[in-house]
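Trainee: next come a sequence and a model predicted from it.
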Amino acid sequence: MTADTDPSPSAKGATSSGTRMRGFGFPRVWQHVLLACGCALAITLLVTSYLQSSQGSNALDEVLRQSAQVDHVDQLQMQLVDAETGVRGYLLSGDAVYLEPYERAIGALDDAIANLREDFADKPADHGRLEQFIALVRAKQQAMADAVAERTLIGEQDEDLLGNVLMDEARQQIYALRASLLADVGRSIESSKRRFGLTRIVGIVMATGSLLLLLLLFAVIQRQSELRERLAAMLENENSRLERLVAARTDDLSKLARHLAVAREDEQARLARELHDELGSLLTAAKLDASWIKRKLPAELQVAWQDRLDRLQQTLTSGIALKRRIIDDLRPPLLKDLGLVEALRALCEDFALGNEIAVDAELPESSDEVDEERALTIFRLAQEAFTNIRKYSRARHVRLLLVCDQHVARLEIVDDGVGFDPQEVASDRHGIAGMLHRVQIYAGSFAVESAPGAGTRVMAEIPI
């Protein structure tokens, strides 16, 4: 109940530290607000820039169009002046050379008038003035044609007063049209200036807002950076504490597992001694008694009880052999008497004879580097591997390899059996789990490589 109601000091410290961290951190809702404001400013700047560029482009197009309209009026005026100048020269001198500029100007008047009609198509208020001006131009054109014809047919004439009057009126109309167009250009420029001024104000406001937002974001990032540093320090301290705790617990578990393994081996050794001393003596005495009874029985009883006596002696012999095999499994005598290499060699020979499997043993000349405890672990690994091969693999050939040096003892057992999927049967193979735990006691490495139809390879390395 105490564990449920009273948190540990570390938990309390973590809770209070977490509370301080939340108080120190920038509120998440304000982070969202800043992000939204940043997005809004970015979109506004993009829209403003697009509108400014569009308005600037439209204003420039409008000014160019109005300037072209003024140029059309000026061109028409120049054409009229050139035509009048040519006519005056011809009237005074009679030389046909002066008619060349007149003829060029007259040929271009129709195009100039068409351009003016197109320029003033969207200005209904100036249509009356334009038509009046075009009528004056046509009248002036006709007057000049009549003057040229009279000078050509009749000869030198008096001054062309009608042409002068029409030219003066045409100039006045041109000045009026030009003034109207220049006024439109001025209004367009003023409108563009106002729009650019408004855009500049909006740009200044947006830039100021962006600067403030950047300062706020910098403050948030700075605070978050400080928070991350504090959290990283806390996590590092907590991880170090947990690593020390895990290392201590792992060391305790390793010591406990080693103690249990040693205790189990000691218990098996004690059972082996008990079986050897007590059960062995009983079975041997029983076998001796059975032999004595067989010898002492009368001949007629020996014939009647021969089968039973023989079966009794065979049973006692089998019991003695079973006792010896159990003792060998509990505590192999060769391991203690002759060492690891001879014990493994005997294990391979017994396995090959009992299961009709070819066993190749690659063993070193000696295993003096391996102490008794680790030698027993290596022997148990090989014993368990052979047991699994006998039960499951249906192998025809097995290879056992033992390599010992000053630092590690490496055991490798390979068979050509049916194999298995280690991922599927790892939880069901308690023998493999036991082998792994035996190796982990000494901080060694253990691996099983297998696949269906590809045999099995068991590898273990135990530091010496």
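Mentor: Great, that's in hand. Numbering: from 1, shown residues only.

Trainee: do you know how far Gly128 is from Gln173?
Mentor: Relative to Gln173, Gly128 is positioned 11 Å away (CB to CB, to the nearest Å). Glycine gets a C-beta too; all of them are placed from N, C-alpha and C.

Trainee: what about those two, which has more around it?
Mentor: When neighbours are counted by other CB atoms under 10 Å, Gly128 and Gln173 differ, and Gln173 comes out ahead with 20 against 9.

Trainee: list the contacts of the closest residue to that one other than its chain neighbours.
Mentor: With sequence-adjacent residues excluded and distances taken as CB to CB, 6 or more residues apart in numbering, Gln173 is closest to Phe133, at 3.9 Å. Phe133 is in contact with 116, 170, 173-174, 177, counting by CB atoms under 8 Å, 6 or more residues apart in numbering.

Trainee: can you rerun that using 10 Å?
Mentor: Counting by CB atoms under 10 Å, 6 or more residues apart in numbering, Phe133 makes contact with 73, 76, 113, 116, 120, 126, 169-170, 172-174, 176-177.

Trainee: tell me which element it falls in.
Mentor: helix 127-153 (DSSP states H and E).

Trainee: which stretches of the stretch 51-200 of the chain have low pLDDT?
Mentor: Applying pLDDT under 70 to the stretch 51-200 of the chain flags the ranges 52-53, 55-56, 59, 155-164.

Trainee: please enumerate the helices of it.
Mentor: 99-119, 127-153, 161-274 (DSSP state H, counting those that start in this stretch).

Trainee: return the shortest one as CSV; C-alpha atoms alone will do.
Mentor: Once non-C-alpha atoms are left out, helix 99-119 reads as follows in CSV (Å, rounded to 0.1, in the frame of the first residue of the first chain):
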residue,chain,number,x,y,z
LEU,A,99,5.3,69.1,-103.1
GLU,A,100,7.2,66.0,-101.9
PRO,A,101,6.8,66.7,-98.2
TYR,A,102,3.2,67.7,-98.9
GLU,A,103,2.4,64.5,-100.5
ARG,A,104,4.1,62.4,-97.8
ALA,A,105,2.2,64.3,-95.1
ILE,A,106,-1.1,64.0,-96.9
GLY,A,107,-0.6,60.2,-97.3
ALA,A,108,0.0,59.8,-93.5
LEU,A,109,-2.9,62.0,-92.4
ASP,A,110,-5.4,59.1,-92.6
ASP,A,111,-3.3,56.9,-90.4
ALA,A,112,-2.8,59.7,-87.9
ILE,A,113,-6.6,60.4,-87.8
ALA,A,114,-7.3,56.6,-87.3
ASN,A,115,-4.8,56.5,-84.4
LEU,A,116,-6.6,59.6,-82.8
ARG,A,117,-10.0,57.9,-83.1
GLU,A,118,-8.6,54.8,-81.4
ASP,A,119,-6.9,56.8,-78.7
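
Trainee: gap between that helix and the chain center?
Mentor: Helix 99-119 has its average C-alpha position 72 Å from the chain's average C-alpha position, going by CA atoms, centre = their mean, to the nearest Å.

Trainee: now do it and helix 127-153, the angle between them.
Mentor: 170 degrees (axes from the mean of the first three to the mean of the last three CA atoms, to 10 degrees).

Trainee: for helix 99-119, buried residues please.
Mentor: Residues of helix 99-119 classed as buried: 99, 101-102, 105-106, 108-109, 112-113, 115-116, 119 (neighbour count, 16 or more other CB atoms under 10 Å).
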